[in-house]
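Asker: here's a sequence, model it:
(one chain, ligands or ions: 1)
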Amino acid sequence: MAMFTTGILVLTSPLNTLPLRIAPVLSSAAQLVERTLYVHLHPGLILGGGNQPRPVFIPPVVDLSTIISRLYSNAADVCGHLDVRVLLTNVRAQSATSSGTTIPNGPFPRPQSLSHSPDVILTDFPLQNPGQSNQVMQCLQSYTGHCYVCSPGLPSVLLHPQLMMLQETEDALKEPEEEAEPLETYSDVVVGGTFDRLHGAHKTLLNISCLLANRRFLIGVCEKAMLKKKVLKELVEPYSVRVQRLQEFLQEIKPSLQVEIVPLDDPYGVSVVDPLLQCIVVSEETRKGGEAVNKKRIENGLPALVLHEIQLLKDAHHTETEEEKISSSSLRSRLLGTLLTPPKDTSHLAPLPYVIGLTGGSGSGKSSIARRLEALGAVRVDCDKLGHEVYQPDTAAHHRVLKEFGSDLLNEDKTINRRALGRKVFGNKERLKALTDIVWPEIALLVKNIISQAREEGKQVCVLDAAVLLEAGWTDMTHEVWVTIIPEEEAVVRITERDGVTTEDALRRLQSQWSNSQQVERANVVLSTLWEPEVTQKQVLKAWKLLQERITQRTKGDVSS
Ligand SMILES: CC(=O)SCCNC(=O)CCNC(=O)[C@H](O)C(C)(C)COP(=O)(O)OP(=O)(O)OC[C@H]1O[C@@H](n2cnc3c(N)ncnc32)[C@H](O)[C@@H]1OP(=O)(O)O
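Answerer: Numbering: from 1, shown residues only. The predicted structure is shown next:
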């Protein structure tokens with residue numbers, strides 16, 4: 001059970017033993033800290049050795065970048081819930097300052113204030129003997145207080161007092177430590193990316209870029225035009241949110257850097273015109289993009305950038321359908337079926353049956369999801385079908401539709417030719433509105449009757465399977481809105497194959513409905529039928545399980561109030 005919200009972990013193990021210690025140290029830290037774990041690197045720091053150690057600048061070396069990757073990769077494996085941030089305030093190339101001039105490193109700056117105030121200090125420093133513990137903790141508090149703004153008397157915890165670890169360190173120290181290989185650094189460094197839901201791989205890229213940059217760090221962040229091909233693009237966080245997260249992260253990681261964040265509308269952005277840039281940081285996947293940037297720079301008469309490649313982090317928790325690397329697409333797909341935004345106030349509705357308004361573009365698989373929910377116990381209300389019922393001959397709607405759209409719509413058996421009616425209204429906003437003004441109130445009455453009947457029968461959940469629930473303003477009838485999405489190209493293929501209509505007709509129909517993004521904005525839960533049926537089923541089971549928990553919580557609340 002975690003006892004603290006935010007911790008600072010001061011890592012003191014020498015660079016040659018640190019890699020082995022990271023995973024156990026992070027696991028121990030994760031048992032104490034529940035939200036943010038700042039990591040301060042000071043390899044070889046001696047605590048409690050007589051002299052009070054002071055923070056000093058340490059040079060960027062190749063091993064340090066390996067440690068950073070290892071830290072984020074192990075953090076993703078052993079403490080995925082923690083927001084880990086490796087602080088580089090104390091890492092500086094000998095000759096570099098924030099202005100880029102070449103003077104030797106000055107004194108260590110004033111203590112840095114952190115956005116989350118720490119409530120515990122942790123260290124991997126091994127005790128020489130158990131009696132030394134108080135002295136080491138005092139030393140740790142004083143050292144950390146010189147680096148970061150901390151409240152006085154913060155508790156400190158020694159994570160590895162075990163003799164076993166001490167032995168291991170001593171053994172390692174007996175081996176001659178190799179001279180650390182310096183890392184080539186640059187005044188101006190650039191990276192590009194979407195940076196959706198900042199994860200360990202992003203943080204590695206950003207931290208290593210900060211390690212490489214002495215003066216300025218330029219980041220191109222993908223705007224809408226660059227997101228078209230992304231999986232579940234509708235769930236990508238808004239540009240402003242992504243930028244704000246980056247700014248907050250980088251401000252803490254290396255406050256001395258000049259950080260510039262610019263929108264990226266094409267794969268190159270300013271990287272091909274900025275003469276001051278020296279290095280671009282890429283991954284195995286984006287190396288080709290980096291090479292393309294250099295080609296353009298040379299065409300533009302600018303020097304090529306050094307390509308610094310970092311390794312992609314593996315995602316130990318990835319499922320069969322997800323990518324092996326840590327990726328934002330996997331994070332987005334894990335959101336499917338979960339509650340993205342809490343339900344609005346629905347005190348005007350009877351608490352049960354709990355009504356889910358399930359909507360989504362034509363061909364998005366909404367009805368197949370509704371049937372899966374029905375199999376789990378929900379009452380399914382098929383609004384398309386109810387819509388067809390209101391056209392029955394000798395009903396008010398039948399007469400009004402013929403009056404409005406012409407009697408040429410009549411089949412021989414006096415029923416309305418819906419396909420022909422569809423051709424008249426889909427793609428023509430005014431005509432469609434004329435139709436829905438007639439039929440929506442009628443369909444809504446039928447829906448309300450079914451919900452009342454479900455209530456009388458003691459049913460817990462009703463699912464309104466309604467293609468244009470949001471457009472019709474029917475959210476007032478529902479406790480939650482669930483939206484199914486698939487890319488438009490896929491929807492067109494499904495519609496043409498299923499309904500035997502042309503691509504143009506399919507597109508016209510889709511354009512008569514709200515876009516995926518507009519629907520997702522109003523969704524409490526999002527689902528997608530883009531993958532195999534088993535994947536859809538897993539999402540539905542997850543959504544159903546979480547829904548049951550919400551309903552139980554609500555009913556408990558109602559009973560106790
Ligand atoms: C609020 C609601 O969602 S009620 C349910 C939707 N019904 C309506 O809005 C009533 C108006 N629409 C209609 O009466 C019929 O769709 C007609 C007459 C236009 C066409 O009838 P049909 O050719 O039998 O087609 P059908 O009713 O199966 O609809 C075809 C597709 O258009 C969608 N659609 C239906 N109405 C609308 C509408 N008003 N706007 C946009 N798309 C619509 C349907 O959801 C369906 O797509 P999907 O099954 O992939 O989700």
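Asker: need phi/psi at the nearest residue to Ser28 once chain neighbours are set aside.
Answerer: Distances taken as CB to CB, 6 or more residues apart in numbering place Leu159 nearest to Ser28, at 4.5 Å, with adjacent residues excluded. Where you see a C-beta, it was placed from the backbone N, CA and C, and this is true even at glycine. Dihedral pair for Leu159: phi -80, psi -30, per degrees, to the nearest 10.
Asker: and Leu159, how many neighbours?
Answerer: Neighbourhood size, Leu159 [other CB atoms under 10 Å]: 22.
Asker: against Pro342, how distant is Glu471?
Answerer: 23 Å (CB to CB, to the nearest Å).
Asker: what's the distance between the residue nearest to Ser28 and the ligand?
Answerer: Here Leu159 is placed at a distance of 56 Å from the ligand (CB to the nearest ligand atom, to the nearest Å).
Asker: out of Glu471 and Pro342, which sits in the busier spot?
Answerer: Between Glu471 and Pro342, Glu471 has the larger neighbour count (other CB under 10 Å), namely 18 against 8.
Asker: how about the contacts made by the residue lying closest to the more buried one once chain neighbours are set aside?
Answerer: Closest residue in space to Glu471, ignoring its immediate chain neighbours: Trp514 at 6.0 Å, by CB to CB, 6+ apart. Counting by CB atoms under 8 Å, 6 or more residues apart in numbering, Trp514 touches 361, 468, 470-471.
Asker: sec struct for Arg35, please.
Answerer: strand (DSSP: H, G, I helix; E, B strand; the rest coil).
Asker: ok, now which ones touch it?
Answerer: Neighbouring residues of Arg35 by CB under 8 Å, 6+ apart: 5-6, 82-83, 116.
Asker: doesn't Ala75 lie inside a helix?
Answerer: Yes - under three-state DSSP, Ala75 sits within a helix.
Asker: helix or strand: which one has the residue lying closest to it once chain neighbours are set aside?
Answerer: Spatial nearest neighbour of Ala75, excluding adjacent residues (CB to CB, 6+ apart): Val84 at 4.3 Å. Here Val84, judged by DSSP states H and E, is contained in strand 83-87.
Asker: helices or strands next to that strand in the packing?
Answerer: Where contact means 3 or more CB pairs under 8 Å, 6 or more residues apart in numbering; DSSP states H and E, strand 83-87 is packed against strand 33-41, helix 62-78, helix 200-212, helix 239-253.
Asker: which of the ones you listed sits most buried?
Answerer: helix 200-212 (a mean of 24; mean count of other CB atoms under 10 Å).
Asker: now do the contacts for the residue of the stretch 351-500 of the chain found nearest the ligand.
Answerer: Here the residue of the stretch 351-500 of the chain nearest the ligand is Ala467; by CB to the nearest ligand atom that distance is 2.8 Å. Contacts for Ala467 were tallied using CB under 8 Å, 6+ apart; they are 359-360, 362, 366, 383-384, 513.
Asker: quick check: residues of the stretch 301-450 of the chain near the ligand?
Answerer: Contact residues (CB under 6 Å from any ligand atom) of the stretch 301-450 of the chain with the ligand: 362-363, 366, 383-384, 387, 418-419, 421-422, 425, 432, 435-436, 439-440, 443.
Asker: now, which of those lie within helices?
Answerer: Assigned to helices by DSSP state H, the following of those qualify: 366, 383-384, 387, 418-419, 421-422, 425, 432, 435-436, 439-440, 443.
Asker: now restrict those to buried residues only.
Answerer: In those, burial by neighbour count holds for 366, 383, 387, 421-422, 425, 432, 435-436, 439-440, 443, counting by 16 or more other CB atoms under 10 Å.
Asker: sorry, back to before: helix, strand or coil for the residue of the stretch 351-500 of the chain closest to the ligand?
Answerer: Per three-state DSSP, Ala467 ends up coil.
Asker: with Ile8 instead?
Answerer: Going by three-state DSSP: Ile8 is strand.
Asker: how about the residues of this protein near the ligand?
Answerer: Residues of the chain lying near the ligand (CB under 6 Å from any ligand atom): 362-363, 366, 383-384, 387, 418-419, 421-422, 425, 432, 435-436, 439-440, 443, 466-469, 472, 474, 509, 512-513.
Asker: per-residue confidence at the residue of the chain most remote from its centre?
Answerer: Within the chain, Glu412 marks the point farthest from the mean C-alpha position, 55.5 Å out by CA atoms, centre = their mean. Glu412 is assigned a predicted lDDT (pLDDT) of 89.
Asker: quick check: it is in a helix.
Answerer: No - when classified by three-state DSSP, Glu412 is found to be coil rather than part of a helix.
Asker: quick one, helices of the stretch 101-250 of the chain?
Answerer: 133-147, 163-174, 200-212, 239-253 (DSSP state H, counting those that start in this stretch).
Asker: off-centre distance for the next helix or strand after the last one?
Answerer: For helix 239-253, the succeeding helix or strand toward the C-terminus, using DSSP H and E, is strand 258-264. Per CA atoms, centre = their mean, to the nearest Å, the displacement of strand 258-264 from the mean C-alpha position of its chain is 20 Å.
Asker: could you look up the next helix or strand downstream of strand 258-264?
Answerer: strand 279-283.
Asker: strands paired with that following strand, and their directions?
Answerer: strand 186-193 (parallel), strand 306-310 (parallel) (DSSP bridges).
Asker: closest one to Thr17 among those?
Answerer: Comparing these against Thr17 with CB to CB, the closest turns out to be strand 306-310 (23.1 Å).
Asker: chain center to that closest one, what's the gap?
Answerer: Taking mean C-alpha positions (CA atoms, centre = their mean), strand 306-310 and its chain are 25 Å apart.
Asker: could you report the neighbour count for the residue of the stretch 1-150 of the chain found nearest the ligand?
Answerer: Proximity of the stretch 1-150 of the chain to the ligand (CB to the nearest ligand atom) peaks at Gly80, 37.1 Å away. Residue neighbour count, defined by other CB under 10 Å, stands at 15 for Gly80.
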